[in-house]
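Colleague: the sequence and its predicted three-dimensional model are supplied below.
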Amino acid sequence: MDSNFHNKLSIRFSSIVTLAAVLLLIIITNFEFKVIYIVIIAVFYVMVFSFFKIFGKQIDDYNNREFKKKFRKLEKMQKHENIEEWTKKKTQEIAQLKANEQFRKEFIGNVAHELKTPIFNIQGYTSTLLDGAINDPEVNIKYLERTDKNAQRLVAIVKDLDMISKLETGAIVPDIQHFNLTEVVREVLDILEEKSKEYGVNLVFEFNKDLYVYADNEKITEVIHNLALNSIIYGRKDGKTEIIIKEKKKKVFVSVSDNGIGIDEKNLNHIFERFFRVDKSRSRERGGSGLGLAIVKHIIDSHNQTITVESEVGKGTNFTFSLPKIIEDYESD
């Protein structure tokens, strides 16, 4: 039973009342008027009306009970959903806290490991020099040079850690300006020319058009420098490091590719992590803080742009990142 049924009952009652009124008129008009007829009809009206009121009340009570049942059911469902949502949220928070704790432990362990080697080396060289080797012309200069090399490595690690910390906390905000990207690439390649000769890697850049972008000049210069330097260090002798620029309507894509040793597929998801090294022994031997690619990723993210990596072992690696073109360039396309 519901409100529709109640409405139908009302219609039926109205029809019965109307019919009774018609019958009353017929009786009064065609038959001898008697009081008994009026009484019978009045009783009939009272009975029908009483029946309708009692039955209608039962319908209303039934509908109210059903409404309350449905409302309580909805309340229970809502509470259940709220509990599930709360449980899910707390589970995610706990998982995040555990992940952060694990990350903190790994980070501290990595920092300690990276700092330990140069510190111990410096300690060993200086102790040897203090023990008398300082007076040996065949040893003193060599040990001092090695001490200086390890000190430079310590400075690089601390400097890069400071950079990552500032990028993550938002202490460093990109200084967005328009500049000639082609000119920046040429400057980076000029700086890395001696390094490329040292490793026997040929630098290639064939884009001759001046191309202006909106970004932080200094930070993007660092990105290109880090990517190109990595490419040289992990390149193969007599191989090449090539920088390619491709233009789209509103964006520029810069690729730094090589035909070097490549990266195993299982390592690609970790390549931008702090201190992650594909070839640990080779990386430490050739310098670097192990934070270069992590810094690159943070810089590109701070520009709200993307960076991707593709690689195949034995065939080489390709890093590609995007930058926004200046409006004047793509409006005239």
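Modeller: Noted; the coordinates are in hand.
Colleague: okay, CA-based contacts and neighbour counts for the rest of this
Modeller: Fine.
Colleague: following the helix or strand hosting Asp148, which helix or strand comes up?
Modeller: Under the criterion of DSSP states H and E, Asp148 resides in helix 140-169. Beyond helix 140-169 in the direction of the C-terminus, DSSP H and E gives the next helix or strand as strand 176-180.
Colleague: so for that following strand, mean pLDDT?
Modeller: Strand 176-180 shows a mean pLDDT of 92 in the predicted model.
Colleague: run through this protein and note the low-pLDDT ranges.
Modeller: In the predicted model, the chain carries pLDDT under 70 at residues 1-63, 75-83, 86, 90, 99-111, 113, 277-289, 327-333.
Colleague: quick one, domains of it?
Modeller: For the chain, automatic domain parsing gives the domain ranges 1-172, 176-331.
Colleague: strands along the chain, start to end?
Modeller: If you assign secondary structure with DSSP state E, the strands in the chain sit at 176-180, 201-204, 212-216, 239-247, 251-258, 307-312, 316-324.
Colleague: so for Phe71, which of the ones you listed sits nearest?
Modeller: strand 307-312 (52.3 Å; C-alpha to C-alpha).
Colleague: return the backbone torsion pair for Val313.
Modeller: Here the main-chain torsion angles of Val313 (degrees, to the nearest 10) amount to phi -60, psi 130.
Colleague: just checking, it touches Asn259?
Modeller: No: because the distance of 9.7 Å does not satisfy C-alpha atoms under 8 Å, Val313 is recorded as not touching Asn259.
Colleague: between the two, tell me which one has more neighbours.
Modeller: Ranked by neighbour count (other C-alpha atoms under 10 Å), Val313 and Asn259 place Asn259 first, with 25 against 13.
Colleague: my guess is that one meets Ser311, correct?
Modeller: No: in this structure Asn259 lies outside contact range of Ser311 using C-alpha under 8 Å: 9.6 Å.
Colleague: shared neighbours, those two?
Modeller: Residues touching both Asn259 and Ser311 (C-alpha atoms under 8 Å, 6 or more residues apart in numbering): Thr317.
Colleague: isn't Phe253 right next to Ser322, touching?
Modeller: Yes: Phe253 is in contact with Ser322 according to C-alpha under 8 Å; the separation is 4.5 Å.
Colleague: the two: which is more packed in?
Modeller: Under the neighbour definition other C-alpha under 10 Å, Phe253 and Ser322 were set side by side, and Ser322 has more, 20 against 17.
Colleague: relative to Leu115, how far out is Thr147?
Modeller: Computed with C-alpha to C-alpha, to the nearest Å, the distance linking Thr147 and Leu115 is 14 Å.
Colleague: more crowded one of the two?
Modeller: Neighbour totals were compared for Thr147 and Leu115, and Thr147 leads with 20 against 16 (other C-alpha under 10 Å).
Colleague: need the contact list for that one.
Modeller: So, once contact is read as C-alpha under 8 Å, 6+ apart, Thr147 ends up touching Asn121, Ile122, Tyr125, Thr126.
Colleague: again, 10 Å this time
Modeller: Thr147 makes contact with Pro118, Ile119, Asn121, Ile122, Gln123, Gly124, Tyr125, Thr126, Ile141, Arg153 under the criterion C-alpha atoms under 10 Å, 6 or more residues apart in numbering.
Colleague: before we move on, the earlier item: need the residues touching each of Thr147 and Leu115.
Modeller: With contacts taken as C-alpha under 10 Å, 6+ apart, Thr147 and Leu115 have Arg153 as neighbours in common.
Colleague: ok, Asp162 - how many residues close by?
Modeller: The tally of other residues near Asp162 (other C-alpha under 10 Å) stands at 11.
Colleague: beta partners for the spatially closest residue to Glu247 that is not a sequence neighbour?
Modeller: Excluding the flanking residues, the one nearest Glu247 by C-alpha to C-alpha, 6 or more residues apart in numbering is Phe253, at 6.4 Å. The bridge-partner assignment for Phe253, based on DSSP bridges, gives Lys246, Ser322.
Colleague: and the one 4 residues further on, by the same measure?
Modeller: On the basis of DSSP bridges, Ser257 takes part in beta bridges with Glu242, Asn318.
Colleague: list the contacts of it.
Modeller: For Ser257, the contact set (C-alpha under 10 Å, 6+ apart) comprises 204, 227-228, 231-232, 235, 240-244, 309-311, 316-320.
Colleague: give me the buried subset of those.
Modeller: Burial by neighbour count, judged by 16 or more other C-alpha atoms under 10 Å, picks out 227-228, 231-232, 235, 240-244, 309, 311, 316-320 from those.
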